[in-house]
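The sequence and its predicted three-dimensional model are supplied below.
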Amino acid sequence: MIRIDNVVAHYGSFTLQNVDLTIGEGETFVLLGPSGAGKTLFLETVLGIKPPDQGRILLDGRDISHALPEQRGFSYLPQDLALFPHLSVRRNIAFGLSVRHTPSSASAERVSRIAELLGIGHLLGRRDVRSLSGGEKQRVALARALVVEPRMLFLDEPFSALDPATRRQLHVEFRGIWQRLGLTTILVTHDQDEAATLADRLAVIMGGRIQQCSAPAEVFDRPANLASARFLVVENIFRGELLPAGSWAPLRRVACGPVELAIEPDESVPEPGPVHVALRARYATLHRPGSRDDGPGVYRGVLESLTASITSPRAIVRLGGPDGLRIECGPFATAEALPVGIGEEVAVVLPPGRFLCFGEPPKATAAAHERSRP
Amino acid sequence: MRSWFNWVLLLAVGVSVSLMAMLVVAQGVYMGGGDPLTEITEREWREIGHSIALGFGCATIASVLALVLALPTGFALARWKFAGSWLVEALLLIPVIMSPMALGVAILLVLNSPPGRWVDDHVFRIMFEPPGIVLAQFFVAYAFAVLILRTTFAGIDVRLEQVARFLGCTRWQAFRRVTFPLSRGGIVAAFVLGWARSLGDFGTTSTVAGAVKGYTETPPITIYFALQSLSTQRAVALSILLTVVCIAGLVTVRLLIGGRRR
C-alpha cells in the first residue's frame, strides 16, 4: 500500500497542491486530467524523480519520500516508453535482470516467460527496437518493466501514441495481466475512455489539485465541480439562476433563459443565486408529445438534428424557442430510433434527480486555477 | 523537378567541397606534379620524424586528458539546470573564442603565478618544455571536446536514464550502461576533433612551449621553420605530408573507436 500524505511539489510557478491519497494493494489507480493539470509532476514526485517540497510518501508505512529511484522497487513506463535503442529486444527486456546480476539461465527463462505472457516471444530475436510497431513497443516496454517483479508499476500516458484499435486491445490485455499478477498500478492519462476501462479507482486532477477520487462510474456520473464537469464532457451545462423553493418543492427551479429546469436538491445545492446545472445526455429521453404527463422534469421542444458521431449519435432538441436551451439527448443508434422526425415537436424528460448543480466558483479560485497551468 | 531550395542546398554543398578541395589541390599544383618528398634531405627526414612523433604523442596525451575532464563536465552541463549555467558554458569555451596567441599568453601568466611556478619548480618543467606542448594542446582540445559532448549528452533523452534507474541502476550504472553507449559517436567526434585541432595548433603551442628546433618542434612549427628559411617547396611538401598523415591518423582513430558502431 502506498500513502501519499499531503504532498506539495513545485515545477517553476506550477504547484501540485496537497495531494492526499492512499492506493491499496493490487489496485489499478488512474489519475485523469487535461494537459498541464499536473499529472506528470504527480507521477515524478511519487516516483522520486522530483522529491516533494512538503509532505511524505509512505510505502507499507516506510517513508520513501527521499529514497533513490533504484531503492523503491517501482517500474516506470514513460509516455515515449524509453526503450533502449542500442539494445536488442531480448536485452531490453533482460536489462533489469542484468543489473541485478541474475544468472544468465534464470534470466533467459524469465525473459521467455514474460515474453510469452505478453505475446512477444517471436520478437525476442529482433535486434533493433526502433523497427517495432507501436503496439509491439508497448509490449516490450511492459515486459521490461514486469520482468523485475516490481512492487508497483507507474505508467505515464503510455497508450497515447497508439491507434484507437490497438489502444483498446492493449487496455483489455494489460488490465488482465495486471490483475493476474496482482500488481499495484498507477496510471496517469488525459484519455477518459482509457481511465474508465482501466481504473479500479479514479482521481481527477486539475490545476495541480485533486478534484475528486472515487470509483470511475461515480466520477463520470457526478463530477465534483463545474471545471471537472466540463473536462469530463458532461454534454449539457447551462448557466442559470437558482430560484427559491416554490410550488415545485421539494424540487428547486433553475431559470435558464426562457426555460425553468426542475432539479432535485441535495446537500450540495447552493443558496439561491447564479449557478450552473449539468446533465449527462444519456439521462435525457425523448417521447412523442402527449405520451408523458406534463410536470416538473417534462418539457416540450423541437427535435433539431442528429449529431454525426459514428459511435454515439445524439439528438439535439431546442427548448423554449430559437433562443432557448440546446439539449443533447441520447445516444440513439439511428434516426429511426427517434420517436419523432427531425423538425417535429417532441417531449423531453430531464430527470430532476440527475441534474448536478454548482454554485459560482469564487473569482479568486477561478483565476488561480487559470494561473496554475504549467 | 528540383525545388529552388534543393538547388540552394546543392550550391552550398558544391561551394563547401570546392573551397576545401582547393586547399589540397593548390599544394599539388604548386609542386608541379613532381614527387614532393624528393625535396627533403635525410637530415630533414629525421627532424620531421621527430616532429611528427612529438606532435602525435603530445596531441594524443592532451586529447585523452581533455576527454577525461570533458566527459563528466559535458554530462553535468547537459543534465544540470542552474542559474548562470550559460556563464559557466561561456567560460569553458574561452579557448575557442580567444586567439591562439592570446590563449598562450594567458597560460604563460598562469604558469608565472605562485602555484604555476611551484609546479614548474617541484613537479615538472612546463614552460618551453615538451609538457608545455601538452598543456597548450590540452586547452585547445578541451574546449572542442566539452562543446561537442555537452551537445551530445543533451540530445540523449533523460527518460532513458530514469527508466534505467527504476530497473535498478545507480546513476553511474545508468550512465555506463545507457548514456555512454548511446553517445559513443559524439565521444569519438570530440576526441578526433580535439586531437586534430591540437595537432595542428601553432599559436598556443609555440607561445607556451616555444619553438625550439628539434626539441619542442611540432609539425606546424616545422612548416613554419621551412617557410622562415625561404624553402617554400619544402614547406609545401611538409604540409602535404602532414595532411596525409593527419588524414590517415583520423581514419585510423575513427576505425579503431568508431568502427564498432552498428
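Received it, and whenever you're ready, just let me know what you need.

can we go C-alpha only for contacts and neighbour counts from here?
Will do.

Only the C-alpha atoms, please, for stretch B:139-159, written as PDB.
The C-alpha trace of stretch B:139-159 is given here as PDB (Å, rounded to 0.1, in the frame of the first residue of the first chain):
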ATOM      1  CA  PHE B 139      43.300  23.700 -23.600                       C
ATOM      2  CA  VAL B 140      42.700  23.700 -27.300                       C
ATOM      3  CA  ALA B 141      41.300  20.100 -27.300                       C
ATOM      4  CA  TYR B 142      39.300  20.600 -24.200                       C
ATOM      5  CA  ALA B 143      37.100  23.400 -25.400                       C
ATOM      6  CA  PHE B 144      36.100  21.400 -28.500                       C
ATOM      7  CA  ALA B 145      35.500  18.300 -26.500                       C
ATOM      8  CA  VAL B 146      33.300  19.900 -23.900                       C
ATOM      9  CA  LEU B 147      31.300  21.700 -26.600                       C
ATOM     10  CA  ILE B 148      30.600  18.500 -28.600                       C
ATOM     11  CA  LEU B 149      30.000  16.300 -25.500                       C
ATOM     12  CA  ARG B 150      27.500  18.800 -23.900                       C
ATOM     13  CA  THR B 151      25.500  18.800 -27.100                       C
ATOM     14  CA  THR B 152      25.800  15.000 -27.500                       C
ATOM     15  CA  PHE B 153      24.500  14.300 -23.900                       C
ATOM     16  CA  ALA B 154      21.800  16.900 -24.200                       C
ATOM     17  CA  GLY B 155      20.500  15.000 -27.200                       C
ATOM     18  CA  ILE B 156      20.100  11.800 -25.200                       C
ATOM     19  CA  ASP B 157      16.600  11.500 -23.600                       C
ATOM     20  CA  VAL B 158      16.900  11.800 -19.900                       C
ATOM     21  CA  ARG B 159      14.000   9.400 -19.600                       C
END
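
For that stretch, list every residue counted as buried.
Buried residues in stretch B:139-159, counting neighbours by 16 or more other C-alpha atoms under 10 Å in any protein chain shown, are found at B:139-150, B:152-154, B:156, B:159.

Quick check: the residue of the stretch 201-350 of chain A nearest chain B.
The stretch 201-350 of chain A approaches chain B most closely through A:G208 (22.4 Å), counting by C-alpha to the nearest C-alpha.

ok, that residue - how many residues close by?
For A:G208, the neighbour count with other C-alpha atoms under 10 Å in any protein chain shown is 26.

so what's residue 40 scoring on pLDDT?
This is for chain A. As predicted, A:T40 sits at a pLDDT of 92.

other chain: chain B
B:I40 is assigned 71 on the pLDDT scale.

quick revisit: sitting in helices, which of the buried residues of stretch B:139-159 do you find?
Mapping the buried residues of stretch B:139-159 onto helices (DSSP state H) picks out B:139-150, B:152-154, B:159.

before we move on, the earlier item: keep the buried residues of stretch B:139-159, but drop any that are not near chain A.
The residues of those that also fall near chain A, by C-alpha under 8 Å from any C-alpha of the partner chain, are B:R159.

Please name every helix or strand in contact with the lengthiest helix in chain A.
Scanning chain A for the helix with the most residues, using DSSP H, yields helix A:164-181. In terms of contacts (3 or more C-alpha pairs under 8 Å, 6 or more residues apart in numbering or on different chains; DSSP states H and E), helix A:164-181 is packed against helix A:134-146, helix A:192-198.

quick one: the last one to chain centroid distance?
Distance of helix A:192-198 from its chain centroid, counting by C-alpha atoms, centre = their mean, to the nearest Å, is 6 Å.

And A:F231, what's its pLDDT?
94.

Please disregard the earlier target; I meant A:P362.
Per-residue pLDDT puts A:P362 at 61.

Could I get the full set of strands for the stretch 251-374 of chain A?
Assigned by DSSP state E, counting those that start in this stretch, the strands in the stretch 251-374 of chain A fall at A:252-256, A:259-263, A:273-279, A:285-287, A:298-306, A:315-319, A:325-329, A:345-349, A:356-359.

picking up where we left off before, redo the helices and strands packed on helix A:164-181 as a markdown table? Include mean neighbour count, mean pLDDT and distance to B:T218.
Shown next, in a markdown table, are these (neighbours: other C-alpha atoms under 10 Å in any protein chain shown; pLDDT from 0 to 100; distance: least, C-alpha to C-alpha, whole Å):
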| stretch | mean neighbour count | mean pLDDT | distance to B:T218 |
| --- | --- | --- | --- |
| helix A:134-146 | 22 | 93 | 53 |
| helix A:192-198 | 18 | 92 | 67 |
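
how about those, which one is nearest chain B?
Of all those, it is helix A:134-146 that lies closest to chain B, at 7.4 Å by C-alpha to the nearest C-alpha.

Using JSON lines, lay out the strands of the stretch 251-374 of chain A together with mean neighbour count and distance to chain B.
Below are the strands of the stretch 251-374 of chain A laid out as JSON lines (neighbours: other C-alpha atoms under 10 Å in any protein chain shown; distance: least, C-alpha to the nearest C-alpha, whole Å):
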{"stretch": "strand A:252-256", "mean neighbour count": "22", "distance to chain B": "50"}
{"stretch": "strand A:259-263", "mean neighbour count": "21", "distance to chain B": "50"}
{"stretch": "strand A:273-279", "mean neighbour count": "20", "distance to chain B": "41"}
{"stretch": "strand A:285-287", "mean neighbour count": "20", "distance to chain B": "49"}
{"stretch": "strand A:298-306", "mean neighbour count": "21", "distance to chain B": "46"}
{"stretch": "strand A:315-319", "mean neighbour count": "23", "distance to chain B": "46"}
{"stretch": "strand A:325-329", "mean neighbour count": "23", "distance to chain B": "43"}
{"stretch": "strand A:345-349", "mean neighbour count": "23", "distance to chain B": "52"}
{"stretch": "strand A:356-359", "mean neighbour count": "23", "distance to chain B": "41"}
